[in-house]
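Visitor: build the 3D model from these lines:
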Amino acid sequence: MLADQAKPDTPRISRMRVQIAASTPSECLLWDMSLNTHGYGQIYYMGKVMKAHRVAYHMHYGHFPVHGACHTCDNRNCFNPHHLFDGDQRANMRDAAGKGRFLARAASSIDPAEVFKLTSTGMTAAAIARFMGISPSYVCLIQQGRRRNRVVVAA
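Guide: Here you go, the predicted model:
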């Protein structure tokens, strides 16, 4: 076989092509084969192991993304090309922030006394987090006194 001739698809690649061709813009195509250590689908393609969503992008659009294949659905297992866009890390973080998945405030700007005041009113950690634009886990760390700006609460 000549080097420039395309090799026949493996059964996994053929299966992936069929799933992509049948995909709709609304539903996630969930990867049910091998995952890498970060939870992304992976497959052997063009002589190397690649992320499944990058391969799907290539199959659908005819080229690999210039920067990276980012998920609009925020599902690492999804390889639906309709849910992917070419974007760098900054674009991916902007997308996450727009969906409320990224801290809206720098954690260092949080006044722990404000967290304790809201806690004393009976607000849950999740409600305080939404109100302050931080994660619930960070609220809990402040409440437990495990942040560097510790506040002593009078008993």
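Visitor: now the strands for this structure?
Guide: Assigned by DSSP state E, the chain shows strands spanning 42-45, 48-51, 69-71, 84-86.
Visitor: domain map for this protein?
Guide: For the chain, automatic domain parsing gives the domain ranges 11-98, 107-143.
Visitor: which of these has the lowest average pLDDT?
Guide: Of all these, mean pLDDT reaches its minimum on domain 107-143 (a mean of 83).
Visitor: what about that domain, distance to the chain center?
Guide: Computed by C-alpha atoms, centre = their mean, to the nearest Å, the chain-centroid distance of domain 107-143 equals 24 Å.
Visitor: adjust the sequence numbering to begin at 41 for everything that follows.
Guide: Understood, numbering begins at 41; the last thing we discussed is domain 147-183.
Visitor: list the buried ones in it?
Guide: 150, 152, 155, 158-159, 163, 165, 168-169, 172, 174-175, 178-179, 181-183 (16 or more other C-beta atoms under 10 Å). Yep, even glycine has a C-beta here, placed from its N, CA and C like the rest.
Visitor: can you pull up the most central residue in this protein?
Guide: Geometric centre of the chain, nearest residue: Asp114, 4.5 Å, by C-alpha atoms, centre = their mean.
Visitor: quick check: phi and psi on that one?
Guide: Main-chain torsions, Asp114, degrees, to the nearest 10: phi 60, psi 30.
Visitor: endpoints of stretch 65-84, how far apart?
Guide: End-to-end span of stretch 65-84 (C-alpha to C-alpha, to the nearest Å): 25 Å.
Visitor: what do you get for stretch 120-136?
Guide: 18 Å.
Visitor: going by neighbour count, list what's buried in that stretch.
Guide: 120-125, 127, 132, 135.
Visitor: and which of these is nearest Val106?
Guide: Set against Val106, the nearest of these by C-beta to C-beta is Gly127 (9.2 Å).
Visitor: what distance do you get for that closest one to Ala153?
Guide: 39 Å (C-beta to C-beta, to the nearest Å).
Visitor: same deal with Asp128?
Guide: Here Asp128 is placed at a distance of 38 Å from Ala153 (C-beta to C-beta).
Visitor: Ala62 now?
Guide: Ala62 is 56 Å from Ala153, by C-beta to C-beta.
Visitor: likewise for Leu70?
Guide: Distance of Leu70 to Ala153, given as C-beta to C-beta: 45 Å.
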